[in-house]
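[1] pasted the sequence and its predicted model underneath.
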Amino acid sequence: MAMSAEEEIQAMAQHYLVCGTEDCKRNCQFYCNPCHQRLCKRCRDEHQKSQDTKDHEVVTYKQRKPQLPEEKCNLHPKRNVEILCKDCNVPLCAKCIFMKEHAGHQLDDLEEKYAEKVAFCRSEISKIQEHYLSTSQGLKKEIKEDVMEIKKTMDNIRNSIKAEADSLKELVDRVTSDKLEQANKIEETLLKTLNLQKKTYEDYTEYLEKLLKEFHRYKSITDFRVLFSADFDKLKIQSIPETTQPVLPAYTAGQCYKDDVSKLLGSVNFPNIKPDNRRIKPMENASTQLKLTGKQTRRDVEKSEVKPTLSLSSSVTKVREYKVPGVDNVHHISLGKSGRLWFSDDRGNLVHTDLQGNQLQRIQTSGRDEGYHTVTLDGDLIYTDRKNKVINKIKQDNTIIEFIKTGDWEPISIHSSRINGDVLVGMVKRREAKVTRYSKTGEKIQNIQWDNKRQRLYRNPHYITENINGDICTSDFNIEVVVVVNKSGQHRFSYTGQGSKFYPYGICNDLLGHIIVCNGYAGNNSLHIIDQDGQFLSLLPTPQQGIRGVCVDDQSHLHVGQLFITTVTVYKYLQ
């Protein structure tokens, strides 16, 4: 019975293979396929010098063809089968081929076909062991991590529900306290009125008692002339004081139903986002891994075809400088198709240039010192108009159309997803701020405004980008922090710089999932690089004053814009 490839490998590992030449005890290294004989190096040389075997195929033992197991022909028991009838798909002996039922049929060497089948089995076994099993195990591990992430997310949602409920209970307690205080004041007012009325009748009773004594005194006087005096005539009974009966307050019970309470609390729902398929590595790339350095941890890098050796450089190298026409400074940079770039300043000038820096297009907008424009997967530029509270689109034929209306919210920053084309918009309204996700057709999908403790995530999200893992990263100047949430809107972490003052401006991501942000503080102009889990990796000091805009081009070079001049400096920071 033929051994499997795995059994053969085990047999080779566990047993010393001896040369098959008679009386030779040396180690077998080669194999003659036609003779099916094991050979040592010396016997192989002799085998290939012999006139009878010099044309035989001699290979290494691992590359040998399997020997066809002996099997007798059913019709000719003294002969072994060694031929395959392709038309009938049955093994034949040398005598069977002359039978009339096989006349004219295509015939093959059975041993060759057997070797092909065995080679196919070995290939499939290798694929299963080296790719399919390991890939499946990786997907199982990914699912396990998703289970943990779901549990973590649901714990956060439950905590949010409880926090909202506690907040609502606190409001109910406060309203109850106010209403009880109101009832106490009403009671106090009514009782005060009744006490005044009571005092009125007490005074009147005292008056009547005095008057009664006077009349008794006059009645007992023997001098009747006194009864006709002026003093007696003044004695008259005053009328009883009039008072009002109290109007008692009534309590009107409020009508509160479960649905009313439910509307006061948040709801659990799924964002209108199509789930991504799990990434299955092709076999030729199954073993490709990134070389990670510094504080980076080895983890799956999603949706990235990065060269295995790409990593952070220990130093930054200045590649070149160029001036941008048509702007007063460079607050934001968007990468377009074919390496072309869009630039904006803090005065609403938006300029499109070619690779040589020549101005192709210039428009006036209401934009300020924010990341208010981005290029879509289709190559169109979209930009915010905070004055009119809309998002406009500049199509590739240079026509400008109204793309999205944002209601009473002012759109201040925008980014088009490189993953699925969704549009992420940072918005403000008086003292409120949020990030809204739209589909690439302009349909609202998701609002992100609060963390799981019902605390505000944003004050002024004036720059926004998306990482390769779907995280949404925003620079918030007002609270001096970079806020990162996952694609479901759950808060992952906030980055507040490295000790000194931190004024986050332009922000972008590279192919390794790094988050790169400009610190615009005048005393510490630098680029901060952190990984996608918030771990600080590197600080790149820059000689420019007031750095603002930043982007990564197709060659993984950094383009850094400035506040006071129109010069953009290009740096190499990866190796």
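    Received it, and whenever you're ready, just let me know what you need.

[2] just for the protein, where's the confidence low?
    1-16, 284-310, 544 (pLDDT under 70).

[3] quick one: the helices in it, in order.
    For the chain, helices defined by DSSP state H occupy the ranges 5-14, 41-49, 110-127, 133-220, 230-234, 258-264.

[4] which of those helices sits closest to R368?
    For the helices of the chain, distance to R368 was read as CB to CB. The smallest value, 33.4 Å, belongs to helix 133-220. Using the backbone N, CA and C atoms, a C-beta is placed for each residue, glycine as well.

[5] and the closest one, how far out from the chain middle?
    For helix 133-220, the gap between its own C-alpha mean and the chain's C-alpha mean amounts to 43 Å (CA atoms, centre = their mean, to the nearest Å).

[6] now the angle from that helix to helix 110-127?
    With axes from the mean of the first three to the mean of the last three CA atoms, to 10 degrees defining the directions, helix 133-220 sits at 30 degrees from helix 110-127.

[7] ranges for the strands of the stretch 401-550 of the chain?
    Under the criterion DSSP state E, counting those that start in this stretch, the stretch 401-550 of the chain contains strands at 410-416, 423-429, 432-438, 444-448, 461-466, 472-476, 481-485, 491-495, 504-509, 515-519, 526-530, 536-541, 547-552.

[8] could you dump the ones you listed to CSV with distance to V324 and mean neighbour count?
    Below are the strands of the stretch 401-550 of the chain laid out as CSV (distance: least, CB to CB, whole Å; neighbours: other CB atoms under 10 Å):
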stretch, distance to V324, mean neighbour count
strand 410-416, 20, 24
strand 423-429, 24, 23
strand 432-438, 28, 20
strand 444-448, 32, 17
strand 461-466, 18, 26
strand 472-476, 21, 26
strand 481-485, 26, 21
strand 491-495, 29, 16
strand 504-509, 14, 25
strand 515-519, 16, 25
strand 526-530, 19, 21
strand 536-541, 21, 15
strand 547-552, 10, 24
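
[9] can I get these in CSV including distance to I391?
    Listed next are these as CSV, based on distance: least, CB to CB, whole Å:
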stretch, distance to I391
strand 410-416, 6
strand 423-429, 7
strand 432-438, 8
strand 444-448, 12
strand 461-466, 13
strand 472-476, 17
strand 481-485, 21
strand 491-495, 25
strand 504-509, 19
strand 515-519, 24
strand 526-530, 28
strand 536-541, 32
strand 547-552, 19
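
[10] so which of these comes closest to G326?
    Of these, nearest to G326 by CB to CB is strand 547-552, at 14.8 Å.

[11] helices or strands next to the closest one in the packing?
    strand 332-335, strand 341-344, strand 504-509, strand 515-519, strand 526-530, strand 557-562 (3 or more CB pairs under 8 Å, 6 or more residues apart in numbering; DSSP states H and E).

[12] I404 is in contact with K389, isn't it?
    No - contact criterion CB atoms under 8 Å: I404 and K389 do not qualify, at 9.8 Å.

[13] compare the two (neighbour count), which wins?
    Set side by side, I404 and K389 show more neighbours around I404, with 21 against 17, by other CB atoms under 10 Å.

[14] which stretch among the helices and strands packed on strand 547-552 comes nearest A183?
    Nearest to A183, of the helices and strands packed on strand 547-552 and by CB to CB, is strand 504-509 at 51.8 Å.

[15] give me the angle between that closest one and strand 557-562.
    160 degrees.

[16] bridging residues for the nearest residue to R44 once chain neighbours are set aside?
    Among residues not flanking R44 along the chain, F30 sits closest, at 4.5 Å (CB to CB, 6 or more residues apart in numbering). Beta-bridge partners recorded for F30 (DSSP bridges): L39, T60.

[17] same question for V423.
    Going by DSSP bridges, V423 forms beta bridges with S416, Y438.

[18] residues contacting it?
    374, 376, 382, 391, 404, 414-417, 437-440, 442 (CB atoms under 8 Å, 6 or more residues apart in numbering).

[19] now D397
    No contacts exist for D397 under CB under 8 Å, 6+ apart.

[20] measure it to G379 for me?
    According to CB to CB, to the nearest Å, D397 stands 11 Å off from G379.

[21] K198 too?
    Distance from K198 to G379, by CB to CB: 88 Å.

[22] just E187 next, same as before
    According to CB to CB, E187 stands 73 Å off from G379.

[23] and C93, what is it in contact with?
    C73, L75, H76, R79, N80, V81, E82, I83.

[24] identify the farthest-apart pair in those residues.
    L75 and E82 (13.8 Å).

[25] more neighbours: these two, which one.
    E82 (17 against 11).

[26] can you give me the strands in the stretch 201-350 of the chain?
    312-323, 332-335, 341-344, 349-353.
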